[in-house]
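>>> Provide a 3D model corresponding to the input given below.
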Amino acid sequence: MEFPHQELKAKSGSISGFIFENPSVGLKRGLFISIEVDFEPIKYGDNEWECSLASEWIPFKGNNWYELESIDFQDEFVKEMNETTFYLTTHDWCNDVHIELKREERNLFNLKLKANADFSGYYGGDENSSMPITVDLTVPFTNFIIRRDNLFPKPNSIEEALVVSNEFIDTTTFKEPSFDGEVFKFEPKS
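Numbers count the residues shown, from 1 in each chain. Next up is the predicted model:
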């Protein structure tokens, strides 16, 4: 039984970001973007399934969030960093990923994404090493975050988080950040 990938219809999604570093593996501090997509439930075998797709670790070098559409998804560094997976019951890696973002209005972007998932199957005999997935959907840019334990030195206040953030993005395009004791959250002004 083949998975009915041609019937996948994206229903919702979002774009968000996070500032992260991991010097032990040579990852310099930077702002990274994540794209998440949820699909309409799909009939597969005797069940309805909810599938999703995530495209993560996309380096962002723009000055403000309006410039998300300026990400060159064909840039070798972006392609090397980007990890895209399709999820049914496990995360299946995607190859040949092509992404395009175009700002429509306020914090909304049209997302066009094409990828081939290395689908591991579920019922046996339904594996597909090059299962095409296509997304054309309007998604919001929701926020970017700083998880204080992911940085050294750790920012301990909103003022310190603003100093860190301003190295990577113009924070005047965001509302006043919130802090719950662990995560600083920056939501865009629309």
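>>> could you point out the helix or strand that follows the longest helix along the chain?
Secondary structure of the chain per DSSP state H: the longest helix is helix 158-166. Next helix or strand after helix 158-166 toward the C-terminus (DSSP states H and E): strand 178-179.
>>> could you pull out the strands for the protein?
Residue ranges of the strands in the chain, as given by DSSP state E, are 10-22, 27-39, 42-44, 47-49, 52-59, 83-87, 91-105, 108-119, 128-147, 178-179, 183-186.
>>> next, the angle from the longest one to strand 83-87.
Put plainly, it is strand 128-147. Angle of strand 128-147 versus strand 83-87, following axes from the mean of the first three to the mean of the last three C-alpha atoms, to 10 degrees, is 110 degrees.
>>> any buried residues in strand 128-147, and which?
Neighbour-count burial for strand 128-147 flags 128, 131, 133, 135, 137, 139-141, 143-146 (criterion: 16 or more other C-beta atoms under 10 Å). No exception for glycine: its C-beta is placed from N, CA and C like everyone else's.
>>> which one among those gets closest to residue 57?
Closest approach to residue 57 among the buried residues of strand 128-147 (C-beta to C-beta): residue 144, at 13.7 Å.
>>> ok, that closest one touching residue 16?
Yes: between residue 144 and residue 16 there is a contact at 6.3 Å, judged by C-beta atoms under 8 Å.
>>> hmm, back to that, and the strands of the chain as TSV, adding distance to residue 71 and mean pLDDT?
Output for the strands of the chain, formatted as TSV (distance: least, C-beta to C-beta, whole Å; pLDDT from 0 to 100):
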stretch	distance to residue 71	mean pLDDT
strand 10-22	10	97
strand 27-39	7	97
strand 42-44	29	95
strand 47-49	30	94
strand 52-59	6	97
strand 83-87	14	98
strand 91-105	7	97
strand 108-119	11	98
strand 128-147	12	98
strand 178-179	26	97
strand 183-186	18	98
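>>> quick revisit: got the angle for the longest helix of the chain vs strand 27-39?
Interaxial angle, helix 158-166 versus strand 27-39 (the same axes, to 10 degrees): 90 degrees.
>>> CA atoms only for helix 158-166, dumped as PDB, please.
In PDB, the C-alpha atoms belonging to helix 158-166 read as follows (Å, rounded to 0.1, in the frame of the first residue of the first chain):
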ATOM      1  CA  ILE A 158      15.300  41.500  29.400                       C
ATOM      2  CA  GLU A 159      18.000  44.200  29.000                       C
ATOM      3  CA  GLU A 160      20.700  41.500  28.600                       C
ATOM      4  CA  ALA A 161      18.500  39.500  26.200                       C
ATOM      5  CA  LEU A 162      18.000  42.700  24.100                       C
ATOM      6  CA  VAL A 163      21.800  43.200  23.900                       C
ATOM      7  CA  VAL A 164      22.200  39.600  22.700                       C
ATOM      8  CA  SER A 165      19.300  39.900  20.200                       C
ATOM      9  CA  ASN A 166      20.500  43.200  18.700                       C
END
